[in-house]
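Student: Provided below for reference: sequence and predicted model.
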Amino acid sequence: MNQTVEPKILKGFRDSLPETETVRKQIIRKLEDTFTRFGFDPVDTPVLEYASVLLGKGSGETDKQIYRFRDNGDRDVAMRFDLTVPFARFTAAHRNEIPMPFRRYHIAKVWRGENTQKGRYREFVQCDFDIVGSDSVLNDLDILLLMRESFRVMGIEKITFHLSHRGIFNTFLEKEGIGNLSGDILRTVDKLGKIGEDEVGRLLTELTDAEKAEKVLSYIKTEETNEKTLEKLIRLCGGETEETKRLAFLLRKLDGAEDGARFILNPSITRGLDYYTGIVYETFLDDLPGIGSVCSGGRYDNLTSIYARERLPGVGSSIGLDRLMAALEELNMIPKRKTGTAALICFQDTGYLDSYLALTRDFRKAGIACELYPEAKKLPKQFSFAESKGIPFAVICGEEEFRNGTVTVKNLNRRKNYTGLSFGEAVNLIQQDEK
RNA sequence: GUGGGAGUAGUUCAAUGGCAGAGCGUCAGAUUGUGGUUCUGAUUGUUGCGGGUUCGAGCCCCGUCUCCCACCCCA
């Protein structure tokens, strides 16, 4: 039997080793705590949906990227492409069980069959949070505050939130008599950061004419301050509207940044997805903007239009966890933690097996994540095993300790011994360093 | 999906069409209750995969897979 199958995996799909997955789980835990503090509840939906439920919800481009096939019962099925469309179906299906306004978060994998690049995979995790069933600007504000808080708890402060307003932009386009070209113009304008003003101007001139292109270019330019940018938008729209007042309110409330995170009114942000109608935003790391937005979203008029009659407005955002982690890795910001295990119980003397087992049990009972080395090998051997796994502490007990009822703990990073400890002191020592 | 670049030991990288190599790492010992130095010895390969040309292919040609880059789109 020397015929083996090559252990290969598909393009754009990845394994996650403990050193990566431990960090990922830690980040997810922090995010879940944060979402919960903001009053959001978790939900889940199936990976597979009827293709008819998922198709035709984004642009034509997104349909091509959806994984779709016939299942064993010959049903036309598809894997979820994002978490928003399944959420729309979910909300329509459970409308009577959900009190409005509804705050939910959903952290799960999604699949897109597109070409890969750094920070672009075919299977990746999104962290979505939305508030539906209310038009209130306070929800827009809370989503933005939650975005800032989420990055703060992840320890990322050099970050910029670019925001803009789809509705105001459309008002402007209508006023200029080019509202019918909204979709094309939005997509073109969206490229400003990448291809520059001249090239965008050229493309806009192709779409309209030189004069209109000039006007649009002027509209999408970010001025020195948010106030000035806002003033310009109001002027180009022909005066204040409900929407500009709304945007002004948000910018006022978001002012007074307590850390490095900044909110910038950037009218060139438009988002490719069609369903946004109000405020939209994208988030870039100051040190690695090239990897793309790590958190995007906006306000939409009607989440469930395809599935139900009732109009259901909402606002939400999505953190791209895998892209974020790829960026953090590139920036050397991934914490070194390779395991959740805090202590290795060294095994030296087979005669004391029961004592080792009892010690292991007691540490676990006290909340210390630990494992007992399964063989009575030499200590250096056990130390280097712990080190290679990233376990910070070794518990060293032999005849002397068991006779005195004491515990010896070694901090493996500092190579420092703590002898003659009581069990409680040992637990404290290990827990202290946990933080 | 379209176009460009890359793929050699666990890893970083060598090898004019002519015996696949080095550093680092890993393992064992010097060292049977304490691993960062040193020394000794050992280990590591379907050159991504499959074909072709050739006396002979890691190297040239074709196909394919994966990664990286650009477009597209987006997290």
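Tutor: On my side now, so go ahead.
Student: can you pull the phi and psi angles for A:I131?
Tutor: Here is the backbone geometry of A:I131 (degrees, to the nearest 10): phi -120, psi 120.
Student: what about the closest residue in space to it that isn't next to it in sequence, how many residues nearby?
Tutor: Closest residue in space to A:I131, ignoring its immediate chain neighbours: A:N139 at 4.3 Å, by Cβ to Cβ, 6 or more residues apart in numbering. In this view, the C-beta of every residue, glycine as well, is placed from N, C-alpha and C. Neighbour count for A:N139, taken as other Cβ atoms under 10 Å: 21.
Student: host element of A:N139?
Tutor: helix A:137-153 (DSSP states H and E).
Student: again with A:T360
Tutor: Judged by DSSP H and E, A:T360 forms part of helix A:353-365.
Student: just the residues contacting that helix, thanks.
Tutor: A:343, A:345, A:347, A:370-372, A:395, A:397, A:402, A:407, A:423, A:427 (Cβ atoms under 8 Å, 6 or more residues apart in numbering).
Student: dump those to CSV, plus pLDDT and distance to RNA strand B.
Tutor: As requested, those are exported to CSV (pLDDT from 0 to 100; distance: Cβ to the nearest atom of the strand, whole Å):
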residue, pLDDT, distance to RNA strand B
A:A343, 93, 13
A:I345, 94, 12
A:F347, 90, 12
A:C370, 93, 16
A:E371, 92, 16
A:L372, 92, 16
A:V395, 94, 10
A:C397, 92, 6
A:F402, 91, 8
A:V407, 94, 9
A:F423, 94, 15
A:V427, 95, 18
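Student: most neighbours among the residues you listed, which one?
Tutor: Result: A:A343 is most packed of those (other Cβ under 10 Å), 26 neighbours.
Student: contacting residues for it?
Tutor: For A:A343, the contact set (Cβ under 8 Å, 6+ apart) comprises A:363, A:368-370, A:391-395, A:409, A:430.
Student: rerun at 10 Å
Tutor: A:360, A:363-364, A:368-372, A:386, A:391-395, A:409-410, A:412, A:426-427, A:429-430 (Cβ atoms under 10 Å, 6 or more residues apart in numbering).
Student: can you give me how far the longest helix along chain A is from the chain middle?
Tutor: With DSSP state H setting the assignment, residue counts place helix A:18-37 as the longest helix in chain A. A distance of 10 Å separates the centroid of the chain from that of helix A:18-37, by Cα atoms, centre = their mean, to the nearest Å.
Student: ok, now stretch A:28-39?
Tutor: 12 Å.
Student: which parts of the longest helix of chain A are buried?
Tutor: A:22-24, A:27, A:31, A:34-35 (16 or more other Cβ atoms under 10 Å).
Student: on that earlier part again, quickly check: the helix holding A:N139 near RNA strand B or not.
Tutor: No. Using Cβ under 7 Å from any atom of the strand, helix A:137-153 stays clear of RNA strand B, with a minimum separation of 11.2 Å.
Student: how many residues are close by A:I264?
Tutor: 17.
Student: hmm, back to that, derive a PyMOL selection command for the buried subset of the contacts of A:A343.
Tutor: Selecting only the buried entries of the contacts of A:A343 in PyMOL, with 16+ other Cβ under 10 Å as the criterion:
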select buried, chain A and resi 360+363+368+370+371+372+386+391+392+393+394+395+409+410+412+426+427+429+430
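Student: looking at the contacts of A:A343, which are in helices?
Tutor: Mapping these onto helices (DSSP H) picks out A:360, A:363-364, A:386, A:426-427, A:429-430.
Student: could you single out the nearest of the residues you listed to A:R262?
Tutor: When the ones in helices among the contacts of A:A343 are compared for distance to A:R262 (Cβ to Cβ), A:I430 wins out at 39.7 Å.
Student: hang on, isn't that closest one packed against A:N411?
Tutor: Yes. The pair A:I430 / A:N411 is scored as a contact, 9.1 Å apart, by Cβ atoms under 10 Å.
Student: what helices or strands is the helix or strand hosting A:E211 leaning on?
Tutor: Using DSSP H and E, the element containing A:E211 is helix A:210-220. With contacts defined as 3 or more Cβ pairs under 10 Å, 6 or more residues apart in numbering; DSSP states H and E, the packing partners of helix A:210-220 are helix A:166-175, helix A:182-189, helix A:192-207, helix A:226-237.
Student: now for these, which one comes closest to A:T244?
Tutor: It's helix A:226-237; of those, that one is closest to A:T244 (Cβ to Cβ) at 5.1 Å.
Student: any buried residues in the closest one, and which?
Tutor: For helix A:226-237, by 16+ other Cβ under 10 Å, it's A:226, A:229-230, A:232-234, A:236-237.
Student: try stretch A:207-220
Tutor: Buried-residue list, stretch A:207-220, by 16+ other Cβ under 10 Å: A:208, A:212-213, A:215-217, A:219-220.
Student: point out the residues in the stretch 251-400 of chain A that sit beside RNA strand B.
Tutor: Counting by Cβ under 7 Å from any atom of the strand, the stretch 251-400 of chain A sits next to RNA strand B at A:271-273, A:282-283, A:290, A:292-296, A:318, A:320, A:322-323, A:348, A:378-381, A:383-384, A:386-388, A:396-400.
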